[in-house]
Every structure is written in structure tokens, then in C-alpha cells.
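Peer 1: quick one: sequence plus predicted model below, questions after.
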Amino acid sequence: MSLRDELKVMKDGFRWGRRPIVPRSAEPFVEEAYDEGFPTDWARTRPGTALRHVILNAGMGPLARSQIALRTYGLEHLGDVEGPVIFFSNHASHLDATLIMISLPERWQKKTAVGAARDYFFDVWWRQAFTALVYGGFAIDRAKGGQGAIDKARELVRDGWSLVLFPEGTRSLDGHLQRFRHGASRLALELGVGVAPIAIVGAYQAMPKGKLWPRPGRPPVTMRFGEVLFPEEGETHQSLSLRMQKAVMELFDEDRTTWFEAVSRSARDETPSLAGPQGAPSWRRTWEGTRPVPRRGRPSIWK
Amino acid sequence: MPRPGFVLDVDERTPPLLVNQGEGFRMQKFPLGTRVIYPPDALPGVADVNAEIRSALLHPLGDSKPLPELLFAGMKLTIAIDDISIPLPPMKTPDIRQRILEHVIEMAARKGVDDVELIVATALHRRMTAREIRRMVGERVFRSFWPSRLSNFDAEDKEALTSFGTTDEGEEVEISRRAAESDLIVYVNINLVAMDGGHKSVAVGLAGYRSLRHHHNVHTMLHSRSYMDPREGHSAINDSVNRMGRKLAADGVKIFQIETTLNSETFPSNMGFLNKREWEWSVGDQALMMAAKQGNDMAPPRVRREFFRGIEAPYKVTGVNGGEVEAVHARTLENLHRQQLVEVQGQSDIGIFGIPYLGPYNVNSILNPILVHCLGLGYLFNMYRNKPIVKQGGVAILFHPVPWEFHQIHHPSYIDFFEEVLAETTDPATIETKFEERYATDPWYIHLYRTSHAYHGVHPFYMWYWGAHGRDHVNDVIFVGGEPKSVARLGYRRADSLRDALEMAKDTVGSSPSITYFHAPPIMIADVV
């Protein structure tokens, strides 16, 4: 066989670039050797961070901004805050983590790690390396319930790293906000760190679940950073999660209308819910979720 | 936690699997539904080998005193050692035999034993070179005993053989005179496969042609099903050897048998992918495999040969036992089966075997076509208990290039056997009656056996008989990738690819045969139920 044919046999047989699969009759004998934690710490060393800085600011940043019309508001809320925080946002697109990382100011960006699903981002070696390098990613085991899933997160926060977590746990299918899991709030309570809300408006319209590249035409996406929430005396993780959810809702409201209206509505507890039409058939929910986001600013004179 | 061996069912998820073919290998995609037998994972070795050896010598099994009590000043002590045919590949130094010898000789020295002789139990195998012996016994033992008190056994030195008459079945028993006249024989064995060890060590290792022909013959081979299954009644050769060994014991030959078992860590870490199951290969393993394959295919033959010759196995010791022959051997077989036994349900129409580059008779040498036949239809085919993995009347497909190549110094009688005997007939029974006597008594071959490093004149015959049961059992033997002339001389057929071989096999087993691929090495025994 020629070298080319041999490589083809190997590529197809060993599923290069894809998730490895075990033959069915060998499944009972597979060792759980993969549970040794994922070596992502190399990406958080100084050279790793320096490389990430270059990739994000000279590569991903300009690339993302060329494909979507990004506007960022509210970074001043991070100005006074010291020490690590847990950034969280709504999650409807693969763009989310990228947008957060390229928008963060220098001092936050170099000390932030993104939590990524182990089964999705840490299956093949090159996806593992990419996630670790470009996002400072660490693995979250979605299959393990409760505390075990974010042991690594605890370790990182203790070392002074800020985290990016998505409390919904997975991307929304119809664009609406899903129920918040309590991992992030529990962590914040345990370690006494603040949680920084971010609302990402329009990412679902630009690149929903299932797409790997934004829609053509530079769809508009807005990011709004909110005030950092600090855990209060005697607060439970449920109440903190609720506060986190409300913060995101308020930021969406602010984006839709004005800041003052949003604050007023919040005081009256009238902030519109982001959960979408309840009890409606899924097509209606998707219909509402894909409502276009208005483009801001003057129309571009250059086409 | 070492996993047991198991039988894989090839499905659409299965990657191409590794198949050995001489000095090289290929990645072969097997048809869906093929069963592949995988050996168990390598067992961990004993933590303290020295302690294990001491325990074997001081706490013997069976009816035997501890070794120090059997040693006394003024005695005649003979230490016999397994030769270069074991283990395969050669073990990384220090060889376990070296370590055992050092313990035994130390004990002998402490007890004031002066008359000690070491014999390499070659029977009719070739003499080992000084370098090979030094590698096996270690520098200290070599310097102390070579060449006057450390030598290869000479089965053709008629003066140096002692006859013990015959067994109840008329089998002549004859061993080395030095050993027979000693107060004690200490045998240092490595039990690589189930056929080794036990009574075979002394009764065969130190025996001559007159004795060996009683079990190294076609009839015995055809009734050894298999010779890797030494249970009474399953292996005629083993039963014969046991009779001989018991005769020796009954006639007062004292043997302190020391047997060792090794785990199946056959390949060094720089070829670690050979020890792993294919779907567990990491990216690094796959890259290494591709590099090794390309390098191997492109390398000139001499470079390739030197590379393979230099492979040393990082074997770990799983057990050392000493004492009375049968008691020790029972324990040895337990250890061996723990490492090598794989349960297989039922037989198949087709059995596929990838023949590796090394067998017992071509260490530091060349695997000539006759040895390919021996390794494939002999050893690999017989690595079973109860039933072969192939049905009676099925097809055996073997992977090997079968080059028409012989080692002039090690295998001179093989060359003549191939040119003269096989050209006339390939039937083992005819070969035995017509040619064996002549080759066994030819003075030139005897001269080469005694003074050079040649296998005995009769040895190629034994190689042929070794595959007699396999030949008899299957209806067709097809070599994939074999050189047409050599394969034709062996009396088999050849194909360029597995697909063609399966097409050819249709004549015998039809168009949807059941197929089993025996994924060895590492060595294993298929326990077919």
C-alpha cells in the first residue's frame, strides 16, 4: 500500500480529529484511565498566558470583530473591584466565551480562566489544547453532580484566578434564559468572591447552537457588564442564584430600553422575564427567541 | 488492575488492527464479525526478585529438602540451564537465570562444594556462543566457570551419555553422563510456554537423538492436541516425557528443579504501542507506529535485521519456585495460566495468525521458511487447550513474507532439507521414513553440531513435524504476502492481501465463514470451550 493509502486507512480507522470510540465488545474492558484530571495548567503559566494574550488580542479579537458588530458597555463596573470574581452570563452561543475574553480589560484577561464542559471540550487532545490555550480553559465534569464538578475551579480561585462560568450549564436551544444551576453561586459563597453579571444580547441570533460561524452580514451583538454582586451575610446559594438571574434580566432590560427605565422597573419588581413564553409550543419559543436585535448607531456609509 | 484477555467482535467502530509479519507489521482492517483474541494485560512482577528466589530455594515444593541441605562438601554438583531458545525476545539483562545461578552458586560455595559444572541444556539445538552464554549467566558466573566448567551439552559425544534403559512403553532414556553421575542436578528453567519445564527440562534438555526420537516424531505430534496442554492424555509428547522423567527419578537421579514464570511485557517502551490494544492508542502511539512502520519498510534489510535482533523484552518475574519437579511444575503452570489463558467460545472456519520475526530457533539468526512453518502451524496454531481455534477442515491464513533465506552457520541441514526433502514430498510421515535417519546420522552435520554453531542434522525434521497436527487439522494454508517460490516449496498457497486470501478460502469454507484472528504476540493460550 502506498503511504497515502496507509494514511487514509489510519485516518478513517482511528478517527483522526474526532472523538475516539471503543468497539462495542471492548466496552466492558475499558479502563477509566481518563479520569486523571486534564493538564491545563500549562496554559496558565507565564509563557502560556503571554501566548494567550497574543492570540486573543491579535487573532481572535480582530477576527470576532470583523464577523460581528460588537458593542461593549459597563466595563467601568470592574474598575474598583480587586481580586478574583466569577464572571457569568447567559449562554446561547459558542461566541459567548470568546466575546467575554476579548472584551475583558488587560488586568482581568490575563488572570481569567473559562470553565468548559469536559465531555465537549476535553475529548480530543487538540480540542483540549485549544481550549486550554485560547481560553485558559479548565474541565467541568457535567456528568458528576454537585461539588465534584468544580474542584478545579476552587483551586484556581484560591490562586487568584477569575473564572468564567455559565450557570445555565449548556447553550440555550431557543435563545431564552434557562434555569440557573447553583455551582457558581455555591463557589462564590464558599470562597467569598463576587459574581460579575454579563448580558450578551444577540449572540443567539448571530450564531445559535448548531452553527460554528456567525451569520454573514456582521450581525450586531451587545455585551453589558453589570455591577459585581457580593455574597451577603447568611445568604444561601439559591438566593444568590436568584440575584444573579435578576442581574442578567436587568441588563437585558437596560439594553432593550434605557438604564433609568430598567432601574425603575427593577425597583418595582417588574423586570421582564427572559424565560420566554411559558407553556408555548417549541416553535413559538424559538420564534420569540430569534427575534432580530436592532442594530445601533448610524448606518455604515461603507458597504 | 490487569485486565483479562478477551475476544473482540470487529464492528464498524473497530480501527485497523496490528498484524505481525516477520520483520515488520501491517495495519489490517478485518471484515465485520471477525473475532479477535486479545491476551490478558501484563501482570505485575514480584516486588523483590531476590527474596522470591531465596524463598524458592529455602522453602521448596513437594518432597524435597531446602537446597542448602542438599549441598555438601565433596559432592558432584551439576547445574543445567535452559538455552537461548528462551525467553523470546531475549530478556533485558540481568537475565533471571543469572540471578538464580548467583544464588545457587553462592550457596554451593558456602557449603564448600568444589566439583561444580554448568551445562547449557541444548539437547539437539545449536551450541551457544561464548558471548551469548556470558549475556545469559552474567559476567561473574562466566568468568568463574568458562570454559572448563561451563559448556554446551554435546548430545553426540557417545562417551558422555548414560543410558537408563527404557520406560514401560519401550522409550529409551539417556542423558548426559556428567548429570547422571552427579549427586544433585539443579535445573534453572524459564517457563515461557506451557510446553516447557517439568520433566522436559532434564529428560529432553540433556538427552540425545536415541532418546528424543521416541517423542519427537510424527505419530506423537499428531496425538498432541495440543502440546501446549500438558494435562494427561492431551499431549502425547508430554506423557512420553513424563514417563522418561519418572524413570529417571525412580532410578535415583536427584533433581532440584527451579522454574520461573515471566509476565507478558514483551516489548520495550519505545515500541509500547505493541503492548496496547489498538483503540487505546494515543496520538503519540499512532505517530510512533507510523514512524516505525515507515522506517522499517524503507530500511535496508541488514539494518532492519539488526534492529529486530536488538529487541530486548522488559519481562518481569511473576514467580520463582523450587523443589521436586512435578510439584514445582504444577505451581508454575498455575502462574503461567494466570498470565496467558484466554477463554474463547467455539471454533471458527478460518484462523488468522500473524507470524512474528522470532521463534525459539532463530535467536540472533534468520527465520527461514521451515521455521516460518514451525512458528505458524506449530507454535501459534498449538497455543490452545481443548480444541484449536479453527475447525477441523477449516483454513489457516498466515501473514509472513517467507523469504527464501537461510543462515549458513546455524541452519546448514535446513538448507538441504528444503532443497532436497521438501522438493520431493511435504508429507511428514513419508519424510520421516525416507529421510530422517540419514540426516540424523550424517557425519558432516554431526561435526557441525559438535564444533560449529549448527542445529543438529535432524532438527529441520522436528520443525516439520511440529506443524504436522496443524497441517492435518486444516484443509488449506494460505500465506498473505509470502514469496511464491518458498511458499510453493512448503506446499502451501499464497495471496497478496487478506481479501484475496478470503476469496481463495471460499473453496473450502464458503463465502461467509466465521473468522478468528489470534492477536499474538504477546503469548497467550486460547482456552476453547
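Peer 2: Cool, the structure landed. Numbers count the residues shown, from 1 in each chain, chains lettered A, B, ... in the order given.
Peer 1: tell me the residues of chain A that contact chain B?
Peer 2: Contact residues, chain A versus chain B (Cβ under 8 Å from any Cβ of the partner chain): A:3, A:6-7, A:9-10, A:13-15, A:20-26, A:29-31, A:125. C-beta: built from backbone N, CA, C; applies to glycine.
Peer 1: and with 6 Å instead?
Peer 2: Counting by Cβ under 6 Å from any Cβ of the partner chain, the residues of chain A close to chain B are A:9, A:13-14, A:21-26, A:29, A:125.
Peer 1: can you flag the buried ones in those?
Peer 2: Buried subset of those (neighbour count, 16 or more other Cβ atoms under 10 Å in any protein chain shown): A:9, A:13-14, A:23, A:25-26, A:29.
Peer 1: give me the most central residue, the chain.
Peer 2: Since you didn't name a chain, this refers to chain A. Of all residues in chain A, the one closest to the mean position by Cα atoms, centre = their mean is A:Ala97, 3.9 Å from it.
Peer 1: switch to chain B, that's the one I care about
Peer 2: B:Pro360 (4.8 Å).
Peer 1: which one is that residue nearest to, not counting chain neighbours?
Peer 2: Nearest non-adjacent residue to B:Pro360, counting by Cβ to Cβ, 6 or more residues apart in numbering or on different chains: B:Ser85, 3.5 Å away.
Peer 1: pLDDT score assigned to A:Tyr135?
Peer 2: We have a pLDDT of 93 for A:Tyr135.
Peer 1: wait, what's in contact with it?
Peer 2: If you count contacts by Cβ atoms under 6 Å, 6 or more residues apart in numbering or on different chains, A:Tyr135 has them with A:97, A:114.
Peer 1: equivalent analysis for A:Gln245, please.
Peer 2: Applying Cβ under 6 Å, 6+ apart to A:Gln245 gives the contacts A:Phe180.
Peer 1: looking at pLDDT only, which of the buried ones among the residues of chain A next to chain B scores worst?
Peer 2: Ranked by pLDDT, those bottom out at A:Phe29 (86).
Peer 1: leaving out sequence neighbours, find the closest residue to that one.
Peer 2: In space, A:Phe29 comes closest to B:Arg3 once its chain neighbours are excluded; the distance is 5.1 Å by Cβ to Cβ, 6+ apart.
Peer 1: A helix includes the residue nearest to the centre of chain A, no?
Peer 2: Yes - counting by DSSP: H, G, I helix; E, B strand; the rest coil, A:Ala97 is part of a helix.
Peer 1: could you pull out the helices in chain A for me?
Peer 2: Along chain A, the segments classed as helices by DSSP state H run A:3-13, A:46-54, A:61-67, A:95-103, A:106-109, A:118-121, A:125-135, A:151-158, A:183-191, A:203-206, A:237-256, A:259-267, A:282-289.
Peer 1: winner for burial among these?
Peer 2: helix A:203-206 (a mean of 25; mean count of other Cβ atoms under 10 Å in any protein chain shown).
Peer 1: which strand residues bridge B:Ser224?
Peer 2: B:Ser235 (DSSP bridges).
Peer 1: neighbours of the residue lying closest to A:Ser89 once chain neighbours are set aside, just the number please.
Peer 2: Distances taken as Cβ to Cβ, 6+ apart place A:Ile198 nearest to A:Ser89, at 3.9 Å, with adjacent residues excluded. Neighbour count for A:Ile198, taken as other Cβ atoms under 10 Å in any protein chain shown: 24.
Peer 1: thought A:Phe225 was touching A:Ile198, still the case?
Peer 2: Yes - here A:Ile198 reaches A:Phe225: they are 5.5 Å apart, a contact under Cβ atoms under 6 Å.
Peer 1: can you give the contact residues for stretch B:39-49?
Peer 2: Residues from elsewhere that reach stretch B:39-49 (Cβ under 6 Å, 6+ apart): B:2-5, B:52, B:263-265, B:316-318, B:339, B:522, B:524.
Peer 1: then stretch B:71-86?
Peer 2: Under Cβ under 6 Å, 6+ apart, the answer for stretch B:71-86 is B:97, B:108, B:111-113, B:115-122, B:125, B:128, B:132, B:178-179, B:182-190, B:192, B:360, B:363.
Peer 1: gap between it and the chain center?
Peer 2: 22 Å (Cα atoms, centre = their mean, to the nearest Å).
Peer 1: walk me through the domains of chain B.
Peer 2: B:6-41+B:273-316+B:339-528, B:49-262 (automatic domain parsing).
Peer 1: I'd like those domains as JSON lines, with mean pLDDT appended.
Peer 2: Converted to JSON lines, the domains of chain B look like this (pLDDT from 0 to 100):
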{"stretch": "domain B:6-41+B:273-316+B:339-528", "mean pLDDT": "95"}
{"stretch": "domain B:49-262", "mean pLDDT": "95"}
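Peer 1: ok, the residue nearest to A:Ala188 when sequence neighbours are not counted - how many residues close by?
Peer 2: Leaving aside its chain neighbours, A:Ala188 sits nearest to A:Val195 (5.0 Å; criterion: Cβ to Cβ, 6+ apart). Per other Cβ under 10 Å, the neighbour tally for A:Val195 reads 26.
Peer 1: equivalent analysis for B:Leu341, please.
Peer 2: 17.
Peer 1: same deal with the one 3 residues further on?
Peer 2: For B:Val344, the number of neighbouring residues by other Cβ under 10 Å comes to 23.
Peer 1: pLDDT on the helix or strand where B:Thr318 lies, on average?
Peer 2: Assigned by DSSP states H and E, B:Thr318 belongs to strand B:317-323. If you average the pLDDT over strand B:317-323, you get 96.
Peer 1: in three-state terms, label B:Leu88 for me.
Peer 2: On the basis of three-state DSSP, B:Leu88 is classed as coil.
Peer 1: end to end, how far does stretch B:174-184 reach?
Peer 2: Stretch B:174-184 has an end-to-end distance of 17 Å (Cα to Cα, to the nearest Å).
Peer 1: again with stretch B:112-131
Peer 2: End-to-end for stretch B:112-131, by Cα to Cα: 29 Å.
Peer 1: do the same with stretch B:232-240
Peer 2: One end of stretch B:232-240 sits 10 Å from the other (Cα to Cα).
Peer 1: how far does that stretch sit from its chain's centre?
Peer 2: Chain-centre distance of stretch B:232-240: 17 Å, with Cα atoms, centre = their mean.
Peer 1: what of stretch B:522-529?
Peer 2: 15 Å.
Peer 1: buried ones in that stretch?
Peer 2: B:522-528.
Peer 1: could I get the helices of chain A as CSV with distance to B:Phe30?
Peer 2: Formatted as CSV, these follow (distance: least, Cβ to Cβ, whole Å):
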stretch, distance to B:Phe30
helix A:3-13, 11
helix A:46-54, 43
helix A:61-67, 45
helix A:95-103, 42
helix A:106-109, 51
helix A:118-121, 30
helix A:125-135, 26
helix A:151-158, 41
helix A:183-191, 45
helix A:203-206, 46
helix A:237-256, 53
helix A:259-267, 65
helix A:282-289, 45
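Peer 1: closest one to B:Ala207 among the ones you listed?
Peer 2: helix A:3-13 (48.8 Å; Cβ to Cβ).
Peer 1: and the stretch 301-450 of chain B, which residues reach chain A?
Peer 2: By Cβ under 6 Å from any Cβ, no residue of the stretch 301-450 of chain B approaches chain A.
Peer 1: what ranges does the stretch 301-450 of chain B have for its strands?
Peer 2: B:317-323, B:341-344, B:348-354, B:384-385, B:390-399 (DSSP state E, counting those that start in this stretch).
Peer 1: for PyMOL, what selects the buried ones among the contacts of stretch B:71-86?
Peer 2: Selection of buried members from those for PyMOL, criterion 16+ other Cβ under 10 Å:
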select buried, chain B and resi 97+108+111+113+116+117+118+119+120+121+122+125+128+132+178+179+182+184+185+186+187+188+189+190+192+360+363
